[in-house]
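> Whatever this is, show me its structure:
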Amino acid sequence: MCKVNTDEQQDLAVKYGIRSIPTIIFMKDGEIVDQMVGAASKQALADKINSLL
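Next comes the predicted model:
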(Lines give C-alpha, C1' and ligand atoms only; values in the text may rest on other atoms or scores of the structure.)
Protein backbone atom coordinates (compact mmCIF):
# COMPACT_ATOMS: atom_id res chain seq x y z
CA MET A 1 0.00 0.00 0.00
CA CYS A 2 1.27 3.43 -0.79
CA LYS A 3 0.07 7.01 -0.79
CA VAL A 4 0.86 9.23 -3.74
CA ASN A 5 0.67 13.01 -3.89
CA THR A 6 -0.85 13.48 -7.35
CA ASP A 7 0.26 17.14 -7.44
CA GLU A 8 3.87 15.96 -7.24
CA GLN A 9 3.42 12.76 -9.27
CA GLN A 10 1.23 13.91 -12.12
CA ASP A 11 2.60 11.23 -14.44
CA LEU A 12 1.15 8.51 -12.19
CA ALA A 13 -2.20 10.29 -11.98
CA VAL A 14 -2.37 10.38 -15.79
CA LYS A 15 -1.14 6.79 -16.18
CA TYR A 16 -3.88 5.44 -13.91
CA GLY A 17 -6.60 7.90 -14.89
CA ILE A 18 -6.99 9.42 -11.43
CA ARG A 19 -9.43 12.32 -11.61
CA SER A 20 -10.83 12.32 -8.06
CA ILE A 21 -9.27 12.17 -4.64
CA PRO A 22 -9.34 9.82 -2.83
CA THR A 23 -8.89 7.01 -5.33
CA ILE A 24 -7.83 3.56 -4.16
CA ILE A 25 -6.50 1.24 -6.84
CA PHE A 26 -6.26 -2.47 -6.09
CA MET A 27 -3.55 -4.24 -8.07
CA LYS A 28 -2.42 -7.83 -8.43
CA ASP A 29 0.74 -8.78 -10.30
CA GLY A 30 1.02 -5.21 -11.59
CA GLU A 31 -2.49 -5.19 -13.09
CA ILE A 32 -5.47 -3.19 -11.83
CA VAL A 33 -8.16 -5.55 -10.54
CA ASP A 34 -10.52 -2.96 -9.02
CA GLN A 35 -10.72 0.58 -7.71
CA MET A 36 -12.74 2.73 -5.34
CA VAL A 37 -13.27 6.45 -5.90
CA GLY A 38 -14.43 8.82 -3.18
CA ALA A 39 -14.78 8.50 0.56
CA ALA A 40 -15.79 5.10 1.89
CA SER A 41 -16.50 3.70 5.32
CA LYS A 42 -14.12 1.30 7.05
CA GLN A 43 -16.64 -1.46 6.50
CA ALA A 44 -16.93 -0.76 2.76
CA LEU A 45 -13.15 -0.79 2.44
CA ALA A 46 -12.86 -4.02 4.45
CA ASP A 47 -15.59 -5.64 2.35
CA LYS A 48 -13.80 -4.66 -0.88
CA ILE A 49 -10.46 -6.01 0.34
CA ASN A 50 -12.05 -9.26 1.53
CA SER A 51 -13.82 -9.74 -1.80
CA LEU A 52 -10.50 -9.44 -3.62
CA LEU A 53 -8.56 -11.85 -1.41
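> which of the residues in stretch 4-22 are buried?
Across stretch 4-22, burial judged by 16 or more other C-beta atoms under 10 Å covers A13, I18. For the C-beta atoms, the positions are set from N, CA and C on the backbone; glycine is no exception.
> Average pLDDT for that stretch, rounded please.
Here stretch 4-22 scores 94 as its mean pLDDT.
> What mean pLDDT does stretch 32-42 get?
Mean predicted confidence for stretch 32-42 is 96.
> Determine how far the last residue of that stretch lies from the first.
Chord length of stretch 32-42, first to last residue, is 21 Å (C-alpha to C-alpha, to the nearest Å).
> I'd like the distance from it to the chain centre, please.
How far stretch 32-42 lies from its chain's middle: 6 Å, per C-alpha atoms, centre = their mean, to the nearest Å.
> all helices for this protein, in order.
Remark: helices assigned in the chain by DSSP state H are 10-15, 42-52.
> Distance to T23 added to those, as JSON lines?
As requested, the helices of the chain are exported to JSON lines (distance: least, C-beta to C-beta, whole Å):
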{"stretch": "helix 10-15", "distance to T23": "9"}
{"stretch": "helix 42-52", "distance to T23": "13"}
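> tell me the contacts of the spatially most central residue of the chain?
In the chain, the residue lying closest to the centroid (C-alpha atoms, centre = their mean) is I24, at 1.7 Å. By C-beta atoms under 8 Å, 6 or more residues apart in numbering, the residues touching I24 are Q35, M36, V37, A40, L45.
> Just give me the closest of those to R19.
Nearest to R19, judged by C-beta to C-beta, of the contacts of I24 is V37 at 8.1 Å.
> bridging residues for that closest one?
T23 (DSSP bridges).
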